[in-house]
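1. Provided below for reference: sequence and predicted model.
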Amino acid sequence: MSTLTQETPGAVTAPADGAAGYGLARYLVVRFLLIIPTVLILVSLVFFLMRLTGDPVSAAFGDRLTPDQLQAKIHQAGYDRPLLTQYLDYLRSLATGDFGHTVTDNQPVSHVLTTYGAATVELACYALLVALVVGVPLGMVAASYRDRAPDAALRLFAILTYATPVFFVGLLLKLVFAVRLGWLPSSGRAGTGVQLFLQDQTSTTGIYLIDALRSGDGTAIADVLRHAVLPAVTLGLLMAGVLLRLVRTNLIGTLGADYVDAARSRGVAPLRLVTHHATRPALIPVVTVLGLQVAGLLGGAVLTETTFEWKGLGYELAHYLTARDFPAVQGIVALFAVVVAVTNFLVDVVAALIDPRVRY
């Protein structure tokens, strides 16, 4: 007698382990391959847009060279060749890791990236820490007091921090805490003496806080942290408003879930409901948003570093943009593009591991 297998109507069959593994691998491969066109499109846009502004040799040396000398220098740099030829040569150089030399100060662009990249990474880490410390707890408070005065005040705070231009926040904080009150330094990554001390170390990372901690000098550590406060708060508040609203929205949703209602019916305290039962699921989307905000951090770093003379890639990018230094701008933007694309790929990996639905 044959045995008939009955299936429950509407039932969802879980994918086999092999199918699940194949789905995840396919998803990650596709996401990884998308890095290439993403970087290529951005690099190409910057290349052609920069060419519309004129050649950097004329911008840098036009008033200091005779017309013949200027033309000779343009020819030597290759800026009189057909645009398509310049573009293809640039892509070939970029593929081999050759970013070229800056026009204004004739140094390898790769040296600029390695010299100033650490400062931007350090500032981004500070800002991310500020965003998490400010945005997540305040989002939890706003959700706990939904539609009451604290919630309204915090939502207004989130809108203001996101909508206010980052350079205006920086100038305001600088005016109050550095100029008027004199509590914090107004510019730089460290005092002159501390900078010389850190640069004289036998092995340096370029990240001042790490170098100061490795030296064990308490004065240097305190000086580095004091210089980091205003830039970190300025850039961190930009992301804090986004996190606040996201945590609030997701936490309100999880507070209405059945398992939270069950815990509430058992007499669990409101504070414990928020911190132990509802917060963890609500924070899962925050991981994705943090990755997407890397681009915002890098964009905000240009204005923040310029405002506080924090000499990182953002500060140098503003300088080279003014000078129309093609190789330098293209190299910095290419690095930013790679960082953003790789970070988004890592976020996709984390999202796929947390939520299996993402990979199908």
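-> Structure received. Numbering: from 1, shown residues only.

2. what's around residue 123, how many residues?
-> A count of nearby residues for residue 123, using other CB atoms under 10 Å, gives 29. Any C-beta I mention is one placed from the backbone N, CA and C, and that applies to glycine too.

3. Surely it touches residue 307?
-> No - shown here, residue 123 and residue 307 do not form a contact pair, counting by CB atoms under 8 Å, at 11.6 Å.

4. Now for these two: what residues contact both?
-> Jointly contacting residue 123 and residue 307 under the rule CB atoms under 8 Å, 6 or more residues apart in numbering are residue 231.

5. who touches residue 161 in this structure?
-> With contact set as CB under 8 Å, 6+ apart, residue 161 has these partners: 169, 237-238, 240-241, 244.

6. Tabulate these (a markdown table), appending secondary structure.
-> Output for the contacts of residue 161, formatted as a markdown table (DSSP: H, G, I helix; E, B strand; the rest coil):
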| residue | secondary structure |
| --- | --- |
| 169 | helix |
| 237 | helix |
| 238 | helix |
| 240 | helix |
| 241 | helix |
| 244 | helix |
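
7. per-residue pLDDT, the closest residue to residue 203 other than its chain neighbours?
-> Excluding the flanking residues, the one nearest residue 203 by CB to CB, 6 or more residues apart in numbering is residue 214, at 7.9 Å. Reading off the confidence values, residue 214 has pLDDT 86.

8. I'd guess residue 214 is in a helix, am I close?
-> Yes - Residue 214: assigned to a helix according to three-state DSSP.

9. tell me what the helix or strand residue 234 falls within is packed against?
-> Under the criterion of DSSP states H and E, residue 234 resides in helix 218-255. Judged by 3 or more CB pairs under 8 Å, 6 or more residues apart in numbering; DSSP states H and E, the packing partners of helix 218-255 are helix 109-144, helix 149-163, helix 166-173, helix 192-199, helix 208-215, helix 279-308.

10. and the angle for the fifth one with helix 109-144?
-> In this case it means helix 208-215. Following axes from the mean of the first three to the mean of the last three CA atoms, to 10 degrees, one obtains 100 degrees for the angle between helix 208-215 and helix 109-144.

11. Quick check, residue 351 in contact with residue 286.
-> No - under the contact definition of CB under 8 Å, residue 351 does not touch residue 286, with a separation of 11.3 Å.

12. still on that earlier bit, what comes up buried for the helix holding residue 234?
-> Applying a neighbour-count criterion of 16 or more other CB atoms under 10 Å, the buried positions in helix 218-255 are 220-221, 223-224, 227-248, 250-252, 254-255.

13. State the distance from residue 221 to residue 213.
-> Using CB to CB, to the nearest Å, one gets 6 Å for the distance from residue 221 to residue 213.

14. Residue 65 now?
-> The span separating residue 65 from residue 213 equals 48 Å under the rule CB to CB.

15. Between these two, which is the more surrounded one?
-> Neighbours of residue 65 and residue 213, each counted by other CB under 10 Å, are more numerous for residue 65; the result is 16 against 13.

16. I'd say that one and residue 73 touch.
-> Yes - using CB under 8 Å, residue 65 is in contact with residue 73, at 6.7 Å.

17. quick one: pLDDT of residue 227?
-> 92.

18. ok, and the closest non-adjacent residue to it?
-> Distances taken as CB to CB, 6+ apart place residue 185 nearest to residue 227, at 4.9 Å, with adjacent residues excluded.

19. mind listing what's buried in stretch 70-82?
-> Of all the residues in stretch 70-82, those buried under the rule 16+ other CB under 10 Å are 70, 73-74, 77, 79.

20. do stretch 39-52 as well
-> 39, 42-43, 46-47, 50.

21. cool, and stretch 131-141?
-> Within stretch 131-141, the residues scored as buried using 16+ other CB under 10 Å are 131-132, 134-136, 138-141.

22. Quick one: mean pLDDT for that stretch?
-> 88.

23. contacts for it?
-> Judged by CB under 8 Å, 6+ apart, the contacts made with stretch 131-141 from elsewhere in the structure are 150, 154, 157-158, 236-248, 251, 274-275, 279, 283, 286, 293.

24. could I have that stretch exported to PDB, CA atoms only?
-> C-alpha atoms of stretch 131-141 as PDB (Å, rounded to 0.1, in the frame of the first residue of the first chain):
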ATOM      1  CA  ALA A 131      26.600  58.900  17.700                       C
ATOM      2  CA  LEU A 132      26.100  55.600  19.500                       C
ATOM      3  CA  VAL A 133      26.400  57.000  23.000                       C
ATOM      4  CA  VAL A 134      24.000  59.800  22.200                       C
ATOM      5  CA  GLY A 135      21.600  58.400  19.600                       C
ATOM      6  CA  VAL A 136      20.800  54.900  21.000                       C
ATOM      7  CA  PRO A 137      20.000  55.800  24.600                       C
ATOM      8  CA  LEU A 138      18.000  58.900  23.600                       C
ATOM      9  CA  GLY A 139      16.100  56.700  21.100                       C
ATOM     10  CA  MET A 140      15.200  54.300  23.900                       C
ATOM     11  CA  VAL A 141      14.100  57.200  26.100                       C
END
